[in-house]
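> What would the 3D arrangement of this be:
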Amino acid sequence: MPPELCSPTPPRSSAYINALTQEIQKKLQRALSSPSQRRNILQELFADIALEVDDRARERILSTEEDVISPAEDDINGPLCFYDVLADYYVRVPESGRPILDLIVQLWSQSFASHIFFLLFHKGLFEVQLDNADVLLRYSSALVQGATNVFWIDIQTNTRRFQSLFRYLLEEVAMESRRLNKIPVQVQRDLYLLLARFIFFYNSVGKLASFLKHCPAFPNAFLVGGPADIFVIELADQLQKLKVEPVLLHYLSQIKVLQGMELRMATSTRLKTCLYSFTSPGGPMYPTRAVRHAAWDALDFLFPVGRYPRHLISLFFRLLYPWYWPSSCWNFVISCIKAVFYSVMRMLFSRWEEVREQKRS
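Numbers count the residues shown, from 1 in each chain. From the prediction side, this is the model:
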(Lines give C-alpha, C1' and ligand atoms only; values in the text may rest on other atoms or scores of the structure.)
Protein backbone atom coordinates (compact mmCIF):
# COMPACT_ATOMS: atom_id res chain seq x y z
CA MET A 1 0.00 0.00 0.00
CA PRO A 2 -0.49 2.29 -1.80
CA PRO A 3 -0.89 0.14 -4.94
CA GLU A 4 0.50 1.17 -8.27
CA LEU A 5 -2.09 2.30 -10.78
CA CYS A 6 -1.00 2.42 -14.39
CA SER A 7 -3.95 4.29 -15.89
CA PRO A 8 -6.61 5.24 -13.36
CA THR A 9 -9.98 6.09 -14.89
CA PRO A 10 -11.88 9.25 -13.91
CA PRO A 11 -12.53 10.29 -11.29
CA ARG A 12 -8.99 9.58 -10.19
CA SER A 13 -9.73 9.68 -6.44
CA SER A 14 -12.47 7.04 -6.67
CA ALA A 15 -10.32 4.77 -8.81
CA TYR A 16 -7.40 5.12 -6.44
CA ILE A 17 -9.47 4.43 -3.33
CA ASN A 18 -11.16 1.48 -5.03
CA ALA A 19 -7.70 0.06 -5.64
CA LEU A 20 -6.85 0.55 -1.97
CA THR A 21 -10.09 -1.20 -1.05
CA GLN A 22 -9.19 -4.17 -3.23
CA GLU A 23 -5.78 -4.40 -1.57
CA ILE A 24 -7.43 -4.44 1.86
CA GLN A 25 -9.84 -7.17 0.73
CA LYS A 26 -6.97 -9.30 -0.54
CA LYS A 27 -5.13 -9.07 2.78
CA LEU A 28 -8.28 -9.91 4.75
CA GLN A 29 -8.90 -12.92 2.51
CA ARG A 30 -5.30 -14.02 3.04
CA ALA A 31 -5.83 -13.73 6.78
CA LEU A 32 -8.93 -15.93 6.55
CA SER A 33 -7.18 -18.58 4.49
CA SER A 34 -3.95 -18.62 6.57
CA PRO A 35 -4.74 -19.24 10.25
CA SER A 36 -1.08 -19.54 11.21
CA GLN A 37 -0.23 -16.16 9.67
CA ARG A 38 -3.51 -14.46 10.55
CA ARG A 39 -2.24 -12.24 13.35
CA ASN A 40 0.80 -11.04 11.39
CA ILE A 41 -1.28 -10.26 8.31
CA LEU A 42 -3.84 -8.27 10.30
CA GLN A 43 -1.11 -6.42 12.15
CA GLU A 44 0.55 -5.53 8.85
CA LEU A 45 -2.78 -4.38 7.41
CA PHE A 46 -3.45 -2.21 10.45
CA ALA A 47 -0.02 -0.59 10.09
CA ASP A 48 -0.64 0.06 6.38
CA ILE A 49 -4.00 1.72 6.99
CA ALA A 50 -2.51 3.89 9.74
CA LEU A 51 0.27 5.17 7.45
CA GLU A 52 0.44 8.83 6.55
CA VAL A 53 -0.48 9.55 2.94
CA ASP A 54 2.65 10.32 0.93
CA ASP A 55 2.91 13.21 -1.54
CA ARG A 56 2.24 11.10 -4.64
CA ALA A 57 -0.88 9.55 -3.18
CA ARG A 58 -1.99 12.91 -1.83
CA GLU A 59 -2.01 14.38 -5.34
CA ARG A 60 -4.22 11.56 -6.60
CA ILE A 61 -6.62 11.91 -3.70
CA LEU A 62 -6.85 15.68 -3.22
CA SER A 63 -6.25 17.26 -6.63
CA THR A 64 -9.53 16.08 -8.10
CA GLU A 65 -12.98 17.43 -8.71
CA GLU A 66 -14.34 14.89 -6.23
CA ASP A 67 -12.49 15.77 -3.04
CA VAL A 68 -12.53 13.02 -0.47
CA ILE A 69 -11.04 15.25 2.21
CA SER A 70 -10.05 18.86 1.89
CA PRO A 71 -6.49 20.12 2.41
CA ALA A 72 -7.83 22.60 4.99
CA GLU A 73 -9.22 19.75 7.06
CA ASP A 74 -5.88 17.97 6.74
CA ASP A 75 -4.07 20.99 8.19
CA ILE A 76 -6.47 21.27 11.13
CA ASN A 77 -6.54 17.61 12.16
CA GLY A 78 -2.88 16.84 11.59
CA PRO A 79 -1.23 14.52 9.06
CA LEU A 80 -3.58 12.93 6.53
CA CYS A 81 -3.60 9.15 6.92
CA PHE A 82 -5.08 6.44 4.75
CA TYR A 83 -7.78 5.65 7.28
CA ASP A 84 -8.99 9.29 7.08
CA VAL A 85 -9.47 8.99 3.33
CA LEU A 86 -11.02 5.52 3.44
CA ALA A 87 -13.40 6.30 6.31
CA ASP A 88 -14.74 9.37 4.49
CA TYR A 89 -15.10 7.43 1.27
CA TYR A 90 -17.04 4.59 2.90
CA VAL A 91 -19.49 7.17 4.26
CA ARG A 92 -20.04 8.64 0.80
CA VAL A 93 -20.05 5.26 -0.97
CA PRO A 94 -21.20 2.69 1.65
CA GLU A 95 -21.40 -0.22 -0.79
CA SER A 96 -17.63 0.00 -1.37
CA GLY A 97 -16.92 -0.88 2.24
CA ARG A 98 -19.42 -3.74 2.62
CA PRO A 99 -17.10 -6.51 1.30
CA ILE A 100 -14.43 -5.41 3.76
CA LEU A 101 -16.96 -5.28 6.58
CA ASP A 102 -18.14 -8.82 5.79
CA LEU A 103 -14.57 -10.10 5.95
CA ILE A 104 -13.86 -8.29 9.23
CA VAL A 105 -16.98 -9.84 10.77
CA GLN A 106 -15.54 -13.28 10.03
CA LEU A 107 -12.37 -12.23 11.88
CA TRP A 108 -14.04 -10.63 14.93
CA SER A 109 -12.15 -12.71 17.50
CA GLN A 110 -8.73 -12.06 15.98
CA SER A 111 -6.18 -9.53 17.19
CA PHE A 112 -6.23 -6.24 15.28
CA ALA A 113 -9.65 -6.95 13.71
CA SER A 114 -11.35 -4.40 15.98
CA HIS A 115 -8.47 -1.95 15.35
CA ILE A 116 -9.04 -2.15 11.58
CA PHE A 117 -12.81 -1.92 11.95
CA PHE A 118 -12.48 1.23 14.05
CA LEU A 119 -10.09 2.95 11.63
CA LEU A 120 -12.20 2.24 8.55
CA PHE A 121 -15.76 2.58 9.87
CA HIS A 122 -15.60 5.01 12.79
CA LYS A 123 -17.61 7.50 10.73
CA GLY A 124 -19.80 5.13 8.76
CA LEU A 125 -21.38 3.71 11.91
CA PHE A 126 -22.78 7.14 12.78
CA GLU A 127 -23.70 8.24 9.26
CA VAL A 128 -25.17 5.09 7.66
CA GLN A 129 -28.50 3.88 9.00
CA LEU A 130 -28.59 0.29 10.36
CA ASP A 131 -32.05 -1.18 10.98
CA ASN A 132 -30.95 -4.42 12.65
CA ALA A 133 -30.58 -3.75 16.41
CA ASP A 134 -28.35 -6.78 17.01
CA VAL A 135 -25.98 -5.81 14.21
CA LEU A 136 -25.87 -2.22 15.46
CA LEU A 137 -25.02 -3.38 18.98
CA ARG A 138 -22.27 -5.67 17.65
CA TYR A 139 -20.74 -3.00 15.44
CA SER A 140 -20.90 -0.21 18.03
CA SER A 141 -19.41 -2.43 20.74
CA ALA A 142 -16.61 -3.43 18.37
CA LEU A 143 -16.00 0.25 17.61
CA VAL A 144 -15.55 1.11 21.30
CA GLN A 145 -13.26 -1.90 21.77
CA GLY A 146 -11.23 -0.98 18.70
CA ALA A 147 -10.96 2.65 19.83
CA THR A 148 -9.72 1.50 23.24
CA ASN A 149 -7.03 -0.66 21.66
CA VAL A 150 -5.94 2.05 19.24
CA PHE A 151 -5.74 4.77 21.88
CA TRP A 152 -3.69 2.50 24.13
CA ILE A 153 -1.18 2.16 21.30
CA ASP A 154 -0.70 5.93 21.49
CA ILE A 155 -0.35 5.69 25.28
CA GLN A 156 2.30 2.98 25.10
CA THR A 157 4.32 4.84 22.47
CA ASN A 158 3.65 8.31 23.92
CA THR A 159 2.48 9.59 20.55
CA ARG A 160 -0.78 11.14 19.39
CA ARG A 161 -1.03 9.58 15.98
CA PHE A 162 -4.76 8.89 16.40
CA GLN A 163 -5.69 12.22 17.96
CA SER A 164 -8.00 13.11 15.08
CA LEU A 165 -10.02 9.95 15.79
CA PHE A 166 -10.35 10.85 19.45
CA ARG A 167 -11.48 14.38 18.62
CA TYR A 168 -14.04 13.03 16.19
CA LEU A 169 -15.54 10.77 18.85
CA LEU A 170 -15.45 13.56 21.42
CA GLU A 171 -16.64 16.54 19.40
CA GLU A 172 -18.66 14.99 16.57
CA VAL A 173 -20.23 12.04 18.41
CA ALA A 174 -20.27 12.43 22.20
CA MET A 175 -21.29 16.10 21.97
CA GLU A 176 -23.59 15.63 18.99
CA SER A 177 -26.91 14.04 19.97
CA ARG A 178 -27.87 13.22 16.39
CA ARG A 179 -24.94 10.86 15.98
CA LEU A 180 -24.73 9.67 19.58
CA ASN A 181 -28.34 8.49 19.65
CA LYS A 182 -27.69 6.17 16.72
CA ILE A 183 -25.90 3.70 18.97
CA PRO A 184 -27.46 1.76 21.90
CA VAL A 185 -27.59 3.43 25.31
CA GLN A 186 -25.19 0.94 26.88
CA VAL A 187 -22.60 1.64 24.18
CA GLN A 188 -23.13 5.38 24.73
CA ARG A 189 -22.09 4.82 28.34
CA ASP A 190 -19.07 2.76 27.31
CA LEU A 191 -18.05 5.49 24.87
CA TYR A 192 -18.36 8.14 27.58
CA LEU A 193 -16.12 6.11 29.91
CA LEU A 194 -13.62 5.57 27.10
CA LEU A 195 -13.37 9.29 26.33
CA ALA A 196 -13.09 10.10 30.04
CA ARG A 197 -9.98 7.92 30.28
CA PHE A 198 -8.16 9.56 27.38
CA ILE A 199 -9.35 13.18 27.37
CA PHE A 200 -6.30 14.33 29.36
CA PHE A 201 -3.87 12.47 27.12
CA TYR A 202 -5.23 14.05 23.92
CA ASN A 203 -5.10 17.59 25.36
CA SER A 204 -8.85 18.16 25.25
CA VAL A 205 -9.41 19.46 28.79
CA GLY A 206 -10.86 22.62 27.26
CA LYS A 207 -13.86 20.52 26.23
CA LEU A 208 -14.28 18.97 29.68
CA ALA A 209 -17.19 21.16 30.86
CA SER A 210 -19.17 20.52 27.69
CA PHE A 211 -18.27 16.84 27.78
CA LEU A 212 -19.66 16.45 31.30
CA LYS A 213 -22.92 18.10 30.24
CA HIS A 214 -23.42 15.41 27.58
CA CYS A 215 -22.97 12.52 30.01
CA PRO A 216 -25.53 9.76 29.31
CA ALA A 217 -27.73 8.41 32.10
CA PHE A 218 -26.10 5.67 34.18
CA PRO A 219 -28.32 3.22 36.09
CA ASN A 220 -25.98 3.29 39.12
CA ALA A 221 -25.71 7.10 39.23
CA PHE A 222 -27.51 7.21 42.59
CA LEU A 223 -24.61 5.17 44.03
CA VAL A 224 -21.54 6.65 42.33
CA GLY A 225 -22.75 10.22 41.77
CA GLY A 226 -23.16 12.54 38.81
CA PRO A 227 -21.15 13.05 35.61
CA ALA A 228 -18.19 14.59 37.46
CA ASP A 229 -17.97 11.64 39.86
CA ILE A 230 -18.14 9.12 37.03
CA PHE A 231 -15.43 11.01 35.15
CA VAL A 232 -13.07 11.20 38.14
CA ILE A 233 -13.55 7.51 38.97
CA GLU A 234 -12.56 6.56 35.42
CA LEU A 235 -9.64 8.97 35.54
CA ALA A 236 -8.35 7.49 38.81
CA ASP A 237 -8.58 3.98 37.37
CA GLN A 238 -6.70 5.13 34.27
CA LEU A 239 -3.90 6.63 36.37
CA GLN A 240 -3.40 3.31 38.11
CA LYS A 241 -2.92 1.58 34.75
CA LEU A 242 -0.35 4.00 33.29
CA LYS A 243 3.21 2.68 33.17
CA VAL A 244 4.81 5.16 30.75
CA GLU A 245 6.45 7.91 32.80
CA PRO A 246 6.03 10.85 30.35
CA VAL A 247 2.35 9.98 29.91
CA LEU A 248 1.79 9.72 33.66
CA LEU A 249 3.52 13.07 34.19
CA HIS A 250 1.28 14.59 31.51
CA TYR A 251 -1.84 13.30 33.26
CA LEU A 252 -0.64 14.64 36.62
CA SER A 253 0.03 18.06 35.11
CA GLN A 254 -3.44 18.16 33.54
CA ILE A 255 -5.31 16.87 36.59
CA LYS A 256 -5.23 20.28 38.28
CA VAL A 257 -8.25 21.32 36.18
CA LEU A 258 -10.33 19.27 38.61
CA GLN A 259 -9.94 21.95 41.27
CA GLY A 260 -13.33 23.24 42.37
CA MET A 261 -15.24 20.32 40.88
CA GLU A 262 -18.07 19.17 43.14
CA LEU A 263 -17.51 15.52 44.02
CA ARG A 264 -18.95 13.06 46.48
CA MET A 265 -16.84 12.27 49.51
CA ALA A 266 -16.20 8.72 48.27
CA THR A 267 -15.03 9.99 44.86
CA SER A 268 -12.81 12.64 46.42
CA THR A 269 -11.25 10.05 48.73
CA ARG A 270 -10.68 7.72 45.80
CA LEU A 271 -8.83 10.39 43.84
CA LYS A 272 -6.81 11.39 46.90
CA THR A 273 -5.82 7.78 47.56
CA CYS A 274 -4.84 7.33 43.91
CA LEU A 275 -2.57 10.38 43.95
CA TYR A 276 -1.11 9.45 47.32
CA SER A 277 -0.11 6.03 45.96
CA PHE A 278 2.31 7.81 43.60
CA THR A 279 4.05 9.79 46.34
CA SER A 280 6.04 6.96 47.92
CA PRO A 281 8.87 4.95 46.35
CA GLY A 282 8.53 1.21 46.09
CA GLY A 283 5.49 -0.98 45.52
CA PRO A 284 2.90 -1.27 44.29
CA MET A 285 3.38 1.62 41.82
CA TYR A 286 7.19 2.06 42.00
CA PRO A 287 6.99 5.70 40.84
CA THR A 288 10.08 7.60 39.77
CA ARG A 289 11.24 10.70 41.61
CA ALA A 290 9.69 12.96 38.94
CA VAL A 291 6.35 11.19 39.26
CA ARG A 292 6.44 11.42 43.06
CA HIS A 293 7.01 15.16 42.96
CA ALA A 294 4.31 15.66 40.33
CA ALA A 295 1.88 13.61 42.43
CA TRP A 296 2.69 15.68 45.54
CA ASP A 297 2.12 18.91 43.58
CA ALA A 298 -1.23 17.68 42.27
CA LEU A 299 -2.28 16.38 45.69
CA ASP A 300 -1.36 19.61 47.48
CA PHE A 301 -3.07 21.70 44.81
CA LEU A 302 -6.35 19.75 44.77
CA PHE A 303 -6.48 18.99 48.50
CA PRO A 304 -4.67 21.82 50.36
CA VAL A 305 -6.35 20.92 53.65
CA GLY A 306 -4.07 18.55 55.54
CA ARG A 307 -1.08 19.27 53.32
CA TYR A 308 1.56 19.52 56.08
CA PRO A 309 0.34 16.50 58.10
CA ARG A 310 0.50 14.41 54.91
CA HIS A 311 4.12 15.39 54.32
CA LEU A 312 5.04 14.68 57.94
CA ILE A 313 3.42 11.25 57.81
CA SER A 314 5.20 10.53 54.54
CA LEU A 315 8.53 11.58 56.05
CA PHE A 316 7.94 9.33 59.05
CA PHE A 317 7.30 6.31 56.88
CA ARG A 318 10.36 7.11 54.77
CA LEU A 319 12.44 6.91 57.94
CA LEU A 320 11.24 3.32 58.44
CA TYR A 321 13.11 2.28 55.29
CA PRO A 322 16.84 2.99 55.82
CA TRP A 323 17.80 1.80 52.34
CA TYR A 324 16.11 4.92 50.94
CA TRP A 325 18.11 7.29 53.16
CA PRO A 326 21.25 7.59 50.95
CA SER A 327 19.29 8.54 47.82
CA SER A 328 17.06 10.90 49.79
CA CYS A 329 20.04 12.61 51.39
CA TRP A 330 21.85 12.87 48.08
CA ASN A 331 18.83 14.41 46.35
CA PHE A 332 18.39 16.80 49.28
CA VAL A 333 22.01 17.92 49.03
CA ILE A 334 21.73 18.39 45.25
CA SER A 335 18.53 20.40 45.68
CA CYS A 336 20.21 22.64 48.28
CA ILE A 337 23.23 23.20 46.04
CA LYS A 338 20.97 24.11 43.10
CA ALA A 339 18.94 26.48 45.25
CA VAL A 340 22.10 28.24 46.53
CA PHE A 341 23.56 28.40 43.02
CA TYR A 342 20.42 29.94 41.52
CA SER A 343 20.19 32.42 44.41
CA VAL A 344 23.78 33.53 43.89
CA MET A 345 23.25 33.86 40.13
CA ARG A 346 20.12 35.96 40.65
CA MET A 347 21.97 38.19 43.08
CA LEU A 348 24.89 38.63 40.65
CA PHE A 349 22.60 39.46 37.75
CA SER A 350 20.65 41.96 39.85
CA ARG A 351 23.90 43.65 40.94
CA TRP A 352 25.10 43.71 37.35
CA GLU A 353 21.87 45.38 36.26
CA GLU A 354 22.25 47.98 39.01
CA VAL A 355 25.81 48.77 37.89
CA ARG A 356 24.64 49.14 34.27
CA GLU A 357 21.83 51.46 35.31
CA GLN A 358 24.26 53.62 37.32
CA LYS A 359 26.62 53.90 34.34
CA ARG A 360 23.78 54.94 32.06
CA SER A 361 22.66 57.64 34.48
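
> quick one: low-confidence ranges for the chain?
Across the chain, residues meeting the criterion (pLDDT under 70) sit at 1-13, 62-78, 283-284, 311, 315-325, 328, 332, 361.

> what's the longest helix in it?
helix 325-360 (DSSP state H).

> Find out how far that helix is from the centre of the chain, if you would.
40 Å (Cα atoms, centre = their mean, to the nearest Å).

> tally of neighbours for the closest residue to residue 227 other than its chain neighbours?
Of all residues not flanking residue 227 in the chain, residue 215 sits nearest, at 3.5 Å (Cβ to Cβ, 6 or more residues apart in numbering). To be clear about C-beta, it is placed using only N, CA and C from the backbone, and glycine gets the same treatment. Residue neighbour count, defined by other Cβ atoms under 10 Å, stands at 18 for residue 215.

> Checking residue 215 next. Helix, strand or coil?
coil (DSSP: H, G, I helix; E, B strand; the rest coil).

> For residue 336, see how far away residue 348 is.
According to Cβ to Cβ, to the nearest Å, residue 348 and residue 336 sit 19 Å apart.

> should've said residue 176
55 Å.

> Leaving out chain neighbours, which residue sits closest to the most centrally placed residue in the chain?
Centroid-nearest residue in the chain: residue 198, 4.1 Å away (criterion: Cα atoms, centre = their mean). Excluding the flanking residues, the one nearest residue 198 by Cβ to Cβ, 6+ apart is residue 151, at 5.0 Å.

> helix or strand for the one you found, which one?
Assessed by DSSP states H and E, residue 151 sits inside helix 133-157.

> which residues are contacting that helix?
108, 114-119, 121-122, 125, 130, 160-163, 165-166, 169, 182-184, 186-187, 190-191, 194, 198, 201, 242, 244, 247 (Cβ atoms under 8 Å, 6 or more residues apart in numbering).

> Let me know the distance separating the nearest residue to residue 256 once chain neighbours are set aside from residue 254.
Closest residue to residue 256 apart from its sequence neighbours, by Cβ to Cβ, 6+ apart: residue 301 at 5.3 Å. From residue 301 across to residue 254, the span is 12 Å (Cβ to Cβ).

> Have a look at those two and say which one is more surrounded.
Comparing residue 301 with residue 254 by other Cβ under 10 Å, the one with more neighbours is residue 254, at 18 against 14.

> residues touching the more buried one, list them.
Residue 254 touches 200, 203, 205, counting by Cβ under 8 Å, 6+ apart.

> Among these, which one has the most neighbours?
residue 200 (21 neighbours).

> That residue in helix, strand or coil?
Per three-state DSSP, residue 200 ends up coil.

> and it, what are its phi and psi?
phi -70, psi -40 (degrees, to the nearest 10).

> Same check on residue 52?
Residue torsions, per degrees, to the nearest 10, at residue 52 are phi -80, psi 140.

> And residue 263, by the same measure?
phi -130, psi 160.

> shouldn't it be in contact with residue 228?
Yes - in this structure residue 263 lies within contact range of residue 228 using Cβ atoms under 8 Å: 5.9 Å.

> shared neighbours of these two, which are they?
Overlap of the contact sets of residue 263 and residue 228 (by Cβ under 8 Å, 6+ apart) is empty.

> Could you pull out the buried residues of stretch 31-44?
31, 38, 41-42, 44 (16 or more other Cβ atoms under 10 Å).

> and if you look at stretch 206-221?
In terms of neighbour count (16+ other Cβ under 10 Å), stretch 206-221 has its buried residues at 207-208, 211-212, 214-216, 218.

> Over to stretch 299-315?
299, 302-303, 310.

> of all the residues you listed, which comes closest to residue 58?
When the buried residues of stretch 299-315 are ranked by distance to residue 58 (Cβ to Cβ), residue 302 comes first, at 45.5 Å.

> The closest one reaches residue 261, doesn't it?
No - applying Cβ under 8 Å as the test, residue 302 and residue 261 come out as separate, 9.1 Å apart.
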